[in-house]
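>>> From the sequence below, what's the structure:
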Amino acid sequence: MEAPEKPEETPSNKTERLAGTVNWGTATVIGVFAGMLYGGSKEASASISKDAEVMLKLGSTPDKREQYRLMRDAMEKRFIRVTRGSIVGGVRLGMFTAGFYSLQNLLAEKRRVHDVYNVVGAGSATAAAFGLIMPGSLQWRARNVVLGSVLGAAICFPLGWIHLKLIEKANEGNINMAASAKGSGETGEAKSGLGAAIERLEENLNK
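Prediction:
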């Protein structure tokens, strides 16, 4: 009788993600919405002074039709400014977030370790790239690249260190919980075995 053949396992090409790395797609979506919220609120707060000018014009205009036209124009302009600010803020922060986390995950995959240097390198490179694409002369862009790389590294080093320390603490807590759960399971099995032996002994004595 022939033994059934085992199906051949196809090797998986997916690489296991290192602990602490973040999915760049999810981070990009969060960055886009955060940038839209920040850009829209910034433009809305900047429109307060312009709204005050419109109110002054309304007070000096006796014609009702002219007042209605001024109010409608002011609301349309404010809506356009807030919408444009939301779109620009979302695109900028989304691009920065996508570039940062993509570079961070690429460095972690190439180095096979995720540490604070990946965060520093990704932050410095992303800030330098954004300084390069900003409008201005070549000298101004070179200045932005140097300044962006230095500021990106200086800001990302403490943030990355804190982030990794929090991940280490969380992993230690998970390991301790798993060990305690395993210990309690073994204790329960030992107790159940001891209880069964005592019951069998009582049955033999009763006989």
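
>>> just the helices in the chain please.
Per DSSP state H, the chain carries helices over the ranges 24-59, 64-111, 116-133, 138-206.

>>> just the ones you listed: most buried one?
Of the helices of the chain, the one with the most neighbours on average (mean count of other C-beta atoms under 10 Å) is helix 116-133, at a mean of 20. All C-beta atoms are positioned from the backbone trio N, CA, C, and that covers glycine.

>>> now that helix: mean pLDDT?
Averaged over helix 116-133, pLDDT sits at 86.

>>> on that earlier part again, and the helices of the chain, which one's lowest on average pLDDT?
Note on the helices of the chain: lowest mean pLDDT is at helix 138-206, with a mean of 73.

>>> can I assume Gly123 is in contact with Gly148?
No - at 9.4 Å, Gly123 and Gly148 do not qualify as touching, with contact defined as C-beta atoms under 8 Å.

>>> contacting residues for Arg81?
For Arg81, the contact set (C-beta atoms under 8 Å, 6 or more residues apart in numbering) comprises 43, 46-47.

>>> Return the member of these nearest to Lys110.
Among the contacts of Arg81, Glu43 lies closest to Lys110 (C-beta to C-beta), at 40.4 Å.

>>> I'd say the closest one and Arg84 touch.
Yes - counting by C-beta under 8 Å, Arg84 is a contact partner of Glu43 at 7.2 Å.
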